[in-house]
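Chemist: Sequence first, then the predicted structure, then my questions.
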Amino acid sequence: MNSESKKYYASLSALLFFFFFTWSSTFSVVAIWLRKYVGLEGTDTGVIFSCISIIALCAQPLYGFLQDKLGLRKNLLLFIAILLIASGPFFMVFGSLLKWNIVIGSLVGGLFIGMTFHAGIGVLESYTERVSRLRDFEYGKARMWGSLGWAVATFFAGRNINIDPNYNFIMATISGVIFLIILLRLKTAKTDAYNSLEHGSPSAITIGDALQLFALPRFWALILFVLGTCIYSVYDQQFMVYFAHQFADEKMGNEMYGYLNSLQVFLEAGGMFLAPFIVNRIGAKNGLLFASSIMALRVIGSGLVEGPILISAMKLLHAVELPILLIAIFKYNSRHFDKRLSSTLYLVGFSCITSVVASILSPLAGWGYDKIGFADTYLIMGGFVVLTTILSAFCLRSDKIDSNENEKSAKTNQNNIESPLVTKA
């Protein structure tokens, strides 16, 4: 990387760090907070997660299309920064709202959390991946700092939840302010500079371009794959409660979960650094299938093993699975779809489908936890991941692009203007 690329890398890495720090401060132990301080059962908590997923489902396609139209402009990220700052005060009143009316509280919470975190992260990640291609650095090395931000915040969140949950919410607001300062200092080129040999003009993107994705069989093959892999979000929602119950002292369990989650995300950060090398070697499709196989092992294993040590080992497999999944999904999309629609692809083809499945499965999973237990519910989830992984092995496209696509891409490139942002190290 040259000096300009290093500045982009440093700024975007910092943004990812503080976004995830804010998110973790409010959300990493939210299931414990809802059960212990708000007094909700697993089914009620599942309804809240379902509302969050439904709102995120609505926001993600809109966010994706807007960011693709904006190109490298920061307007949408500035809006998200304001929401991050407001997250601390919001959670301070969210519990009281839920106690007053669970339905209204769930809807309001779903609206704020879904728009801020579950949809907002897709904008930041796709923006970072887009710049990484233009500035010639690996997206995974920047995304690594997001994992570190989550780990650092979770380390404190597990302890703070036993003292005063408001400490976590205060941390979130401070982190949001830092995020805004870094974002304001991030210099971006004018939209016209985005007209590159690789991408074309973002202003030329229409809703029709985005809708044409639904006519592509390869898009639906990607959706099939995501249907299985998005189980990880449902699995993680109330795992902290299951883990804490492995200890005689629930407070000790809460604290140990904070340490476990921090260790997992620190390992995940290391995985983010190594994942580009692995995916480049085995290919994007094989990377997706490998990540999905690890996920199936993790979820099924959580239903088979007993005790905090073995359950922790299953949880830590997430540090292997997620980095490869994120790197492979971006590389797969950039290889097989229009690069101008990278945000729409990620937010619709991955994040949005995750929200759809989570909105449906979250209350069902909550019911399963209450009625048949965590272990049996995990076995059912894991079986679904195995099924979609097998089907995806036949449906996903191979990494080889046929000559006709290459010729078409070459003709398109000749008609575009090279971006001044593209500077090789």
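Modeler: Cool, the structure landed.

Chemist: so V320 touches G271, yeah?
Modeler: Yes - taking Cβ atoms under 8 Å as the definition, V320 is a contact partner of G271 at 6.1 Å. Where you see a C-beta, it was placed from the backbone N, CA and C, and this is true even at glycine.

Chemist: thinking M381 is in contact with V299, fair?
Modeler: Yes - taking contacts as Cβ under 8 Å, M381 lies within contact range of V299: 5.0 Å.

Chemist: any common contacting residues for these two?
Modeler: I231, Y235 (Cβ atoms under 8 Å, 6 or more residues apart in numbering).

Chemist: remind me which residues of the stretch 251-400 of the chain are low pLDDT?
Modeler: Within the stretch 251-400 of the chain, the ranges that satisfy pLDDT under 70 run 338-352, 355.

Chemist: At which residues are the helices of it located?
Modeler: Taking DSSP state H, counting those that start in this stretch as the test, the helices found in the stretch 251-400 of the chain are 284-304, 308-316, 318-336, 342-346, 353-371, 374-395.

Chemist: Out of those helices, which is the most enclosed?
Modeler: For the helices of the stretch 251-400 of the chain, the largest average neighbour count (mean count of other Cβ atoms under 10 Å) is found in helix 342-346, namely a mean of 27.

Chemist: just to revisit the earlier point, could the helices of the stretch 251-400 of the chain go into CSV alongside distance to S262?
Modeler: Putting the helices of the stretch 251-400 of the chain into CSV (distance: least, Cβ to Cβ, whole Å) gives the following:
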stretch, distance to S262
helix 284-304, 18
helix 308-316, 11
helix 318-336, 11
helix 342-346, 27
helix 353-371, 24
helix 374-395, 22
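
Chemist: Go through those and name the closest to I182.
Modeler: helix 342-346 (20.2 Å; Cβ to Cβ).

Chemist: quick revisit: nearest to N261, of the helices of the stretch 251-400 of the chain?
Modeler: Across the helices of the stretch 251-400 of the chain, N261 has its closest neighbour in helix 308-316 (8.1 Å, Cβ to Cβ).

Chemist: which helices and strands sit right next to that closest one?
Modeler: The contact analysis (3 or more Cβ pairs under 8 Å, 6 or more residues apart in numbering; DSSP states H and E) places helix 308-316 against helix 239-244, helix 250-282, helix 284-304.

Chemist: What residues sit buried inside the helix or strand containing F20?
Modeler: Using DSSP states H and E, F20 sits in helix 3-27. Applying a neighbour-count criterion of 16 or more other Cβ atoms under 10 Å, one finds 5, 8-9, 11-27 buried in helix 3-27.

Chemist: try stretch 267-281
Modeler: Buried residues in stretch 267-281 (16+ other Cβ under 10 Å): L267, E268, A269, G271, M272, L274, A275, P276, I278, V279.

Chemist: Show me which pair in the residues you listed is furthest apart.
Modeler: L267 and V279 (17.5 Å).

Chemist: how close does V123 sit to S262?
Modeler: Using Cβ to Cβ, to the nearest Å, we find V123 at a distance of 26 Å from S262.

Chemist: between these two, which one's more packed in?
Modeler: The neighbour count for V123 versus S262, taken as other Cβ atoms under 10 Å, is higher for V123 (25 against 22).
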